[in-house]
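Quick one: sequence and predicted model below, then my questions.
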Amino acid sequence: MASEKILQQKQAYVEELAEKLKNSVAGVIVSYMGITVADDTALRRKLREAGVEYAVVKNSMLRRAADKVGLDGLDNVLEGSTALALSPTDHVAAAKILSEYAEKSKTFEIKAGYVEGKVIDAAGVFSQPHVHFDLQFAPDSHRVYVNFKDRDALSPAEWGLMRRDLLPELGLDIPSLVRLEQPAAFHSRLLDLIGVWERRRPADALLLSARLLEMLYMLAESCRPGPAAPGRDKALYDSVRQYIEQSGGPLTLERLSALFGVSKYHLAHRFRELYGEAPVAYWNRLREERARRLLTATDEPVSAVADRLGFSSVYAFSRFFRARTGQSPTACRREARP
């Protein structure tokens, strides 16, 4: 039948799109309203030359593909006109090109993005500077590249490019991805450092060291959890976990960071160290377990279950539950009650 063939084509498209999302290191979602044919052609050419794939997508298809690969937090931006730009190798190319165009346009809009499977809002897409410093030059320094992966995700070849990490010996724990507390100030210091490097006057090496140390201090401050002893640190994160377990949603890393006064990255990193998974992943697992209990042990309507678990709609709940269990909430309930 024609309808069955169309359904198969849609399913194949979602699978293909999910595979592209999975294999990309970064992507940007935009609203392309108001763009002229000439501008669209020029923008596509620029993105293509930078190795970025760009295409208009249906919100429903992108939503389903995102659910398949665990890109949570996109529901609120998947409406209206939507185009997706993604890159398999470059973390910043799509964000840089599209942000530059959006700043000049009154209608073209950045909706959201993601880096290494982590969704970021429009503000994060507009500003994604990354910096690589070699504190000591070596013959193979040109081979050292910016790393956006967790340490346990590095391949043996990538580990071979890593220098000895001296920062822990100084009492610093700076992750590979940092959300700066003062991005404008850091950007200013970086430009100043580049200017000192380019002029190369006598004794500038001392000034370069001073600027670099100042920037390292700013990075460390952005990751600093606060003056807490190990026992107090554990008590703090026990409180975070308790809050998550009692939360009715919605819950985000930003909200947890604001409530407990800990930087988002350090919160996620330390929580994973203590309990084996990131805060939002922990919360989603709890929601799945609670959903199963409510669906199988109560007669509450699916819409009421969705509301109790903090979902914006029954449709959002159904997508979440199907992505995690492979079946709809209704099917789960029916299976438990033959």
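Everything's here; your move. Numbering: from 1, shown residues only.

which stretches of this protein have low pLDDT?
Within the chain, the stretches with pLDDT under 70 are 1-3, 123-155, 157-182, 223-233, 248-250, 337-338.

quick one, strands of it?
Ranges of strands in the chain, per DSSP state E, are 26-31, 53-56, 83-87, 109-115, 118-121.

Tabulate those (JSON lines), appending mean neighbour count.
Every residue, glycine included, has its C-beta placed from N, CA and C. Output for the strands of the chain, formatted as JSON lines (neighbours: other CB atoms under 10 Å):
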{"stretch": "strand 26-31", "mean neighbour count": "26"}
{"stretch": "strand 53-56", "mean neighbour count": "16"}
{"stretch": "strand 83-87", "mean neighbour count": "23"}
{"stretch": "strand 109-115", "mean neighbour count": "22"}
{"stretch": "strand 118-121", "mean neighbour count": "18"}
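
Let me have those in a markdown table, adding distance to W283 as columns.
As requested, the strands of the chain are exported to a markdown table (distance: least, CB to CB, whole Å):
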| stretch | distance to W283 |
| --- | --- |
| strand 26-31 | 23 |
| strand 53-56 | 32 |
| strand 83-87 | 26 |
| strand 109-115 | 19 |
| strand 118-121 | 15 |
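
F320 is nearest to which of the ones you listed?
strand 118-121 (14.4 Å; CB to CB).

Adjacent strands (with direction) for that closest one?
Strand 118-121 sits in its sheet next to strand 109-115 (antiparallel), going by DSSP bridges.

export the strand it pairs with as CSV, just CAs?
Presented in CSV, the C-alpha positions along strand 109-115 are these (Å, rounded to 0.1, in the frame of the first residue of the first chain):
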residue,chain,number,x,y,z
GLU,A,109,17.4,32.9,14.2
ILE,A,110,19.6,30.5,16.1
LYS,A,111,17.3,28.1,18.1
ALA,A,112,19.7,25.8,19.8
GLY,A,113,22.7,23.5,19.2
TYR,A,114,24.6,20.6,20.7
VAL,A,115,28.3,19.7,21.3
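
Could you check the angle that strand makes with strand 83-87?
Between strand 109-115 and strand 83-87, the angle comes out at 30 degrees (axes from the mean of the first three to the mean of the last three CA atoms, to 10 degrees).

Work out the gap between strand 109-115 and the centre of the chain.
How far strand 109-115 lies from its chain's middle: 10 Å, per CA atoms, centre = their mean, to the nearest Å.

returning to that earlier point: so which of the strands of the chain comes closest to Q9?
Closest to Q9 of these is strand 53-56 (CB to CB; 16.2 Å).

Can you name every helix or strand that the closest one contacts?
Contacts defined by 3 or more CB pairs under 8 Å, 6 or more residues apart in numbering; DSSP states H and E place strand 53-56 against helix 37-49, strand 83-87.

repeat that with 7 Å
Packing partners of strand 53-56 (3 or more CB pairs under 7 Å, 6 or more residues apart in numbering; DSSP states H and E): strand 83-87.

one step back: who wins for proximity to A42 among the strands of the chain?
Nearest of these (CB to CB): strand 53-56, 11.9 Å.

send the alpha carbons of the closest one over as PDB?
Below are the C-alpha coordinates for strand 53-56, written out as PDB (Å, rounded to 0.1, in the frame of the first residue of the first chain):
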ATOM      1  CA  GLU A  53      26.100  19.600   6.200                       C
ATOM      2  CA  TYR A  54      23.100  21.900   6.100                       C
ATOM      3  CA  ALA A  55      19.500  21.000   5.300                       C
ATOM      4  CA  VAL A  56      15.900  22.000   6.000                       C
END
